[in-house]
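Peer 1: how would this look folded up:
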Amino acid sequence: MKRFLAFLSSFLLVGSLAAPPAAAAAAAPRLKLSFGWCKTACEIRIKVTNTSRYDIAWVGGTCRLRVNGRYVGKGTVYLGPIKRGHSRSSTCNVVDSRLKEAWWDYENGDADFRTYATVKAIPHYRYRR
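Peer 2: You can find the predicted model right below:
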């Protein structure tokens, strides 16, 4: 009986220390992506919304662009500080010779031009004591 109570109490302690996945995901900033012009260079518009209850000191990251499943380039993005509940927008420009070659293939009729972008944005919090 003592072993069972010890096991049960340790199980409850571990369960209370772990954060539920819904609470952890709710604190992450929300990203929205859209495309601007895209020929020999691509502009990816990024909108970041701060859903946490803390102010974000600055947000930065990288964007990666794929055309027809092939990696064609990457760019960096910096958004600056975001207050809680607010959002900021920025652009990420991708300029690469592989992107230019993919556009030329599209203009010649040799391939499609299906774009797919991913962004990894890292929020940096500054806690005040």
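Peer 1: From here on, just use CA atoms for contacts and neighbour counts.
Peer 2: OK.
Peer 1: hang on, residue 111 in a strand?
Peer 2: No: applying DSSP: H, G, I helix; E, B strand; the rest coil, one finds residue 111 to be coil, outside a strand.
Peer 1: so what's it closest to, chain neighbours aside?
Peer 2: Take residue 111 and drop its neighbours on the chain: the residue closest to it by Cα to Cα, 6 or more residues apart in numbering is residue 105, 5.6 Å away.
Peer 1: Next, residue 100: secondary structure please.
Peer 2: With three-state DSSP as the criterion, residue 100 reads helix.
Peer 1: Touching, residue 31 and residue 51? I think so.
Peer 2: No: using Cα atoms under 8 Å, residue 31 makes no contact with residue 51, being 10.5 Å away.
Peer 1: which of these two has more neighbours?
Peer 2: residue 51 (18 against 15; other Cα atoms under 10 Å).
Peer 1: any idea which element the more buried one lies in?
Peer 2: Following DSSP states H and E, one finds residue 51 outside all helices and strands.
Peer 1: what comes up buried for the helix or strand harbouring the residue nearest to residue 111?
Peer 2: Residue 105 is part of helix 97-108, with elements assigned from DSSP H and E. Neighbour counts using 16 or more other Cα atoms under 10 Å place 99-100, 102-104 of helix 97-108 among the buried residues.
Peer 1: next helix or strand past it?
Peer 2: strand 115-125.
Peer 1: what comes into contact with that following strand?
Peer 2: Identification of contacts with strand 115-125 by Cα atoms under 8 Å, 6 or more residues apart in numbering yields 29, 33, 44, 54-69.
Peer 1: mind redoing it with 6 Å?
Peer 2: By Cα atoms under 6 Å, 6 or more residues apart in numbering, the residues outside strand 115-125 that reach it are 56-67.
Peer 1: how far out from the middle of the chain is stretch 94-109?
Peer 2: 25 Å (Cα atoms, centre = their mean, to the nearest Å).
Peer 1: actually stretch 47-56, not the one I typed
Peer 2: Distance, centroid of stretch 47-56 to centroid of chain: 13 Å (Cα atoms, centre = their mean).
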